[in-house]
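[1] take a look and give me a structure for this.
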Amino acid sequence: MTESKTALITGVGGQDGSYLAELLLSKGYDVYGLIRRSSQPRLDNIYHLLDRIHLLYGDLTDSPSLFTAIRDIQPDEVYNLAAMSFVGSSWTHPVSTVDINTCGVIRLLEAVRHEKKDCRVYHASTSEMYGNQGGVLNEDSPFAPRSPYGISKVAAHHVISNYRDSYHMYCCAGIAFNHESPRRGIEFVTRKITDGVARIRAGKQDTIKLGNIAARRDWGFAGNYVYAMWLMLQQDQPRDYVIATGETHSVYNFYSLACKYAGISPTDHLVIASKEVRPADIDVLCGDSSRIRDELGWKPVVGFGQLVGMMVHADMERVC
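    Take a look at the predicted model:
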């Protein structure tokens, strides 16, 4: 019988972390999750997994906690999904965004380098690194970030490449385009929409305030994207990949379809609010995932309409 692998997931309580934990458990992994110490840890997404995974306290801003975690666990794989991930907040908290998203990656890689150098590391990069250049974007497209969040992620992406080349570590980054699910944080526009339409249907809310409804994004299902993350760490050599559907839809498309699923009128409840508009937004983000499809056999399995319906129905069950 093959000995099971051990994996450490930073950000295990988030959308991606919870789906990844489920996937790894299904494959027989011993799963550890890193969570920040707080009076009220956010465990809603992994509550159903608490008897099957091991939680330990740690923080990307705290090197000793990372060194201790790697030394004690001796993981075969590390998935770095923790981040200050809400783009809008990065303008009001630029220093902490860089500290967590860039310096935190360095701290984690240093812990791996000193305590378990043969460990394989996946890092969550993002389509926000590309900025507003338009077109269909792939692994060779230049980066031109338009937010402190995007800047911090570009720097971290280069850190991954540097440690891979300098120390011959197995480090790779998945450049994931927007991916959503019923577990997405309520502060993100997709969950803001699906939660909002559910509350309107239930008579608990009258309007939804949105900003740039013309912005177009490449939206996929998070539960499918974590499979790409796992696939990347099973290869002989580390390589970065774009993870995307190759289709774009506007924020208004998302909103109007959500209204349809909720059985409400899209014209009666929408309020355009200037304060919801980012200082520098991105018009279109569309990814070319042909490399990961051709080389690893990954492909998106949930369509846009199915994704929106899944999220609306989950929020209607919760709210109503």
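[2] care to break the chain down by domain?
    Here the domain parsing of the chain from automatic domain parsing is 6-179+220-243, 185-218+247-285+302-319.
[3] rounded mean pLDDT for the shortest one, please.
    The reference is to domain 185-218+247-285+302-319. Across domain 185-218+247-285+302-319, pLDDT averages out at 93.
[4] how far out from the middle of the chain is that domain?
    Distance of domain 185-218+247-285+302-319 from its chain centroid, counting by Cα atoms, centre = their mean, to the nearest Å, is 18 Å.
[5] one more: stretch 72-82?
    For stretch 72-82, the gap between its own C-alpha mean and the chain's C-alpha mean amounts to 16 Å (Cα atoms, centre = their mean).
[6] first vs last residue of it, how far apart are they?
    Using Cα to Cα, to the nearest Å, the end-to-end distance of stretch 72-82 comes out at 20 Å.
[7] all further residue positions should be reported with the first residue as 58.
    Got it, first residue is 58 now, which makes that one stretch 129-139.
[8] give the buried residues for that stretch.
    For stretch 129-139, burial by neighbour count (16 or more other Cβ atoms under 10 Å) applies to 130, 132, 133, 134, 135, 136, 137, 138, 139. Glycine gets a C-beta too; all of them are placed from N, C-alpha and C.
[9] how about stretch 152-172?
    154-170, 172.
[10] same question, stretch 304-316
    Buried, per 16+ other Cβ under 10 Å, within stretch 304-316: 305, 306, 307, 308, 309, 310, 311, 312, 313, 314, 315, 316.
[11] same thing with stretch 285-305?
    Residues of stretch 285-305 classed as buried: 285-290, 295, 297-303, 305 (neighbour count, 16+ other Cβ under 10 Å).
[12] out of the residues you listed, which one sits closest to residue 227?
    Proximity of the buried residues of stretch 285-305 to residue 227 (Cβ to Cβ) peaks at residue 295, which lies at 4.8 Å.
[13] pairing partners for residue 327 in the sheet, please.
    Residue 327 has these beta-bridge partners by DSSP bridges: residue 265.
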